[in-house]
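Colleague: please work out how this folds:
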Amino acid sequence: MTLLTLFFTAFGLAMDAFSVSVTSGIILNQIRFKNAIKIGFFFGFFQAFMPLVGWFCSLKFSNYIKSYDHWVAFILLLIIGLKMIYETTTDEDNNFNPLNNKILLLLAIATSIDALAVGVSFACLKVAILPSVMIIGWTTFILSAPGVFIGKTGGNLLQNKAQIIGGLILIFIGTRILFEHLNINIVSILNFIP
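Modeller: Residues are numbered from 1 along each chain as shown. Have a look, this model is predicted:
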């Protein structure tokens, strides 16, 4: 996996956390810098931790699926991407206090479940896990902390779009992984489209 692909993966994974950060900014009456850092830290930590867990868990069975690893990565990223896009169509009550540690912990875990599955695909693809989780964690932190302020200044418009963009990026990356392993050139496919 190239560094650019890893950054796109990190960006795609961070969109759930960014969306919740924007929502938090919309809900909070008063935002302090330390509150935005706290929210960013929780999301960044769990986005880094969960792929590590998925990677370690998958080491036990990755040898059995070497010939299918590209399909596993594609299916996992496709499901995650579609789930993220689908969630933008559901109306859920966002009546919560995002600064409550218990609620923030649940939100951080919930938004990082996708990263757990990505950790499994990283093990299948033999991706170096420590630099990858560092990039994922920092990317999530860097997007989530300012996301709180963005939410306060008009994030209602960005919230669903950010999650859709994240879902589409994950689907694209999964498709690219599949095409690379099947030796299908995306450019040659595009040439056949009128």
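Colleague: all helices for this protein, in order.
Modeller: 3-27, 33-58, 69-87, 101-124, 129-152, 156-181, 186-191 (DSSP state H).
Colleague: and among those helices, the most buried is which?
Modeller: helix 3-27 (a mean of 23; mean count of other CB atoms under 10 Å). In short, each C-beta sits where N, CA and C put it, glycine included.
Colleague: what helices and strands are in contact with it?
Modeller: Helix 3-27 makes packing contacts with helix 33-58, helix 69-87, helix 101-124, helix 129-152, helix 156-181 when contacts are defined by 3 or more CB pairs under 8 Å, 6 or more residues apart in numbering; DSSP states H and E.
Colleague: mean pLDDT lowest for which of those?
Modeller: With a mean of 72, helix 156-181 has the lowest mean pLDDT of the helices and strands packed on helix 3-27.
Colleague: report the separation between C124 and F149.
Modeller: 38 Å (CB to CB, to the nearest Å).
Colleague: F122 and S132 touch, don't they?
Modeller: Yes: F122 lies in contact with S132 (CB atoms under 8 Å); the separation is 6.1 Å.
Colleague: between these two, what contacts are shared?
Modeller: Each of 1, 51 lies in contact with both F122 and S132 under the rule CB atoms under 8 Å, 6 or more residues apart in numbering.
Colleague: how close does the residue nearest to S24 when sequence neighbours are not counted sit to G81?
Modeller: Nearest non-adjacent residue to S24, counting by CB to CB, 6 or more residues apart in numbering: P98, 3.7 Å away. In this view, P98 and G81 are 25 Å apart by CB to CB.
Colleague: so which of the helices and strands packed on helix 3-27 is nearest L3?
Modeller: Nearest of the helices and strands packed on helix 3-27 to L3, taken as CB to CB: helix 129-152 at 8.3 Å.
Colleague: quick one: that closest one to helix 3-27, angle?
Modeller: Angle, helix 129-152 to helix 3-27, by axes from the mean of the first three to the mean of the last three CA atoms, to 10 degrees: 30 degrees.
Colleague: by contact count, what packs against helix 129-152?
Modeller: Counting contacts by 3+ CB pairs under 8 Å, 6+ apart, helix 129-152 is packed against helix 3-27, helix 33-58, helix 101-124.
Colleague: how about 10 Å then?
Modeller: helix 3-27, helix 33-58, helix 101-124, helix 156-181 (3 or more CB pairs under 10 Å, 6 or more residues apart in numbering; DSSP states H and E).
Colleague: now the third one against helix 3-27, angle please.
Modeller: In this case it means helix 101-124. 170 degrees.
Colleague: determine how far the last residue of stretch 123-131 lies from the first.
Modeller: 13 Å (CA to CA, to the nearest Å).
Colleague: ugh, typo on my part, it should be stretch 79-97
Modeller: Start-to-end, stretch 79-97 (CA to CA) is 29 Å.
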